[in-house]
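In: just the structure for this:
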Amino acid sequence: MRVAGAGRCTVVVGSQWGDEGKGKIVDVLAEEVDIVARYQGGANAGHTVHVADGEFVLHQIPSGILHADKRCLIGNGVVLDVARFFEEYDGLANRGIDLDGRIGVSLRAHLLLPYHRWLDQAREEAASSQIGTTGRGIGPAYEDKAGRRGIRVVDVHAPERLAAMARAGLERARAAFPDRDAAGLAEELEGALSTAPRLAPLTTETGEEVWSALQGGKHVLLEGAQGTVLDLDHGTYPFVTSSTTTAAGAATGIGVGPTAIDEVLGVVKAYTTRVGNGPLPTAFSPEMDERVRRLGGEFGATTGRPRRCGWFDAVVGRLAARVNGLTGLAVTKLDVLDTLPALRIATGYRTPAGLVESFPADTALLDRVEPVYEELPGWQANTSEARSLADLPAAARAYLDRVEELLQVPVRMVSVGTRRQQIIRT
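Out: From the prediction side, this is the model:
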């Protein structure tokens, strides 16, 4: 039970198929908090933040790192690609970001090592039906965790044990694909393990840090990766990631109870995108897909793959509202729709069994549904200079009102561009 006068805990969660713009929203909110903590995923995430000094693409380090006085934590729910972590760490340091004493890594997080990436790529190449993973080793690392053969960050404090466990993991990987080229894999593993002395001083108990901060009246922001419809339980299985992307995963992935969470902000684009394989019920026609991809710069921050684009899907939005317990929405990329003469929102799906307004569990069915659309007028005006709802065209406000009504969640933030200042608070 939280004590009187305790701090505030906010979760920022992706509420579509990922790539919703969580990085910018976290960066904007980070100014108001004391701690930003990442609770799941790994180097498959790509949070892009635009600041005066240019563009930063963050994969494992929380977006709050760009604010000088914030403590940034990587929780136990993350699978830490330690080699990529230090590439990112050094890249930030080389660009003048002071990291001293500002990053903590959970002792209970699991390490993602080079053989996990090797396995991920080998499986995707061999599969008759590909999932469309990023190839970053996320699935194999979480498999090792669930199989109770994973290597945790705490093991960097026991070098001999760490080396023995890593050798065993490498041999398991090689045995799974004995005919696949593994040249250089052992050397790559040694390189990753050589970072252990650098990682050891950064280790912490993230749950204890967050709990202590809340007890001390501080504000904590818990940052997710990917999106709700990529959740292992609630997403378009098997075209999902290997962790719990929803707000429930925030408590588990940091080490606090669910009653520690005060608010859950769901981030949605003003339209829908998806990268990788799997269904996208509201997908645009090829011509419109190309147009919106160009307008929105829709290419994956981690892989560079083009994202598939579609109309806003309120069926997905209602799923996200329910499973995350959303208390507010942040709508991003509203400006991308500025030139479109008319807009659509999917309010339900027609299926062989009739109309449904909730998201089906049967992923195969999603390839056969026919979205039921409402059409709204476009505004065909520049919104990038808007700093309040009153600055927006009436049609843009009506569009946001309809999203809010369909999801039964209030819109709290609207992003109208890539820069920090291009934000509307409601």
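
In: C-alpha only now, for contacts and for neighbours.
Out: Will do.

In: low-confidence ranges, the stretch 301-426 of the chain, go.
Out: 301-303 (pLDDT under 70).

In: and the gap between Ala45 and Gln226?
Out: Distance, Ala45 to Gln226, by C-alpha to C-alpha, to the nearest Å: 6 Å.

In: ok, these two, which is more surrounded?
Out: Under the neighbour definition other C-alpha atoms under 10 Å, Ala45 and Gln226 were set side by side, and Gln226 has more, 29 against 25.

In: what's around the nearest residue to the more buried one once chain neighbours are set aside, how many residues?
Out: The shortest distance from Gln226 to any non-neighbouring residue, by C-alpha to C-alpha, 6 or more residues apart in numbering, is to Gly18 (4.1 Å). The local packing count at Gly18 equals 26, with neighbours defined by other C-alpha under 10 Å.

In: same deal with Gly42?
Out: A total of 30 residues lie near Gly42 under the criterion other C-alpha under 10 Å.

In: could you pull up the residues touching it?
Out: For Gly42, the contacting residues are 59-60, 78-81, 138, taking C-alpha atoms under 8 Å, 6 or more residues apart in numbering as the criterion.

In: and the gap between it and Val416?
Out: Shown here: Gly42 relative to Val416, a distance of 28 Å by C-alpha to C-alpha.

In: low-confidence ranges in this structure?
Out: Scanning the chain for pLDDT under 70 picks out 1-5, 52-53, 128-132, 301-303.

In: which ones are touching the closest residue to Gly296 other than its chain neighbours?
Out: Excluding its sequence neighbours, the residue lying closest to Gly296 (C-alpha to C-alpha, 6+ apart) is Val336, at 5.6 Å. Applying C-alpha under 8 Å, 6+ apart, we find Val336 in contact with 292, 295-296.

In: assumed Val336 was part of a helix.
Out: Yes: Val336 forms part of a helix when assessed by DSSP: H, G, I helix; E, B strand; the rest coil.

In: contacts for the longest strand belonging to the chain?
Out: Counting residues, the longest strand in the chain under DSSP state E turns out to be strand 342-351. Residues external to strand 342-351 that are found in contact with it (C-alpha under 8 Å, 6+ apart): 282, 311-315, 355-358, 365, 368-378, 406.

In: helices and strands around the helix or strand following it, which ones?
Out: Next along the chain after strand 342-351, taking DSSP states H and E as the criterion, comes strand 354-356. Of the remaining helices and strands, those touching strand 354-356 by 3 or more C-alpha pairs under 8 Å, 6 or more residues apart in numbering; DSSP states H and E are strand 342-351.

In: and the strand it packs on, which strands flank it?
Out: Partner strands and pairing direction for strand 342-351 (DSSP bridges) are strand 312-313 (parallel), strand 354-356 (antiparallel), strand 370-377 (antiparallel).

In: contacts for the longest one, please.
Out: Looking back up the chat, that one is strand 370-377. The set of residues that contact strand 370-377 without belonging to it, under C-alpha under 8 Å, 6+ apart, is 281-282, 341-351, 395, 399.

In: and for stretch 292-308?
Out: Looking at what lies outside stretch 292-308 - C-alpha under 8 Å, 6+ apart - the contacts are 19, 43-48, 57, 59, 134, 273-276, 283, 289, 309, 333, 336.

In: contact partners for Ala186?
Out: Leu170 are the contacts of Ala186 under C-alpha under 8 Å, 6+ apart.

In: reduced to three states, what does it come out as?
Out: Taking three-state DSSP as the rule, one finds Ala186 in the helix state.

In: gap between it and Pro197?
Out: Here the distance between Ala186 and Pro197 works out to 19 Å (C-alpha to C-alpha).
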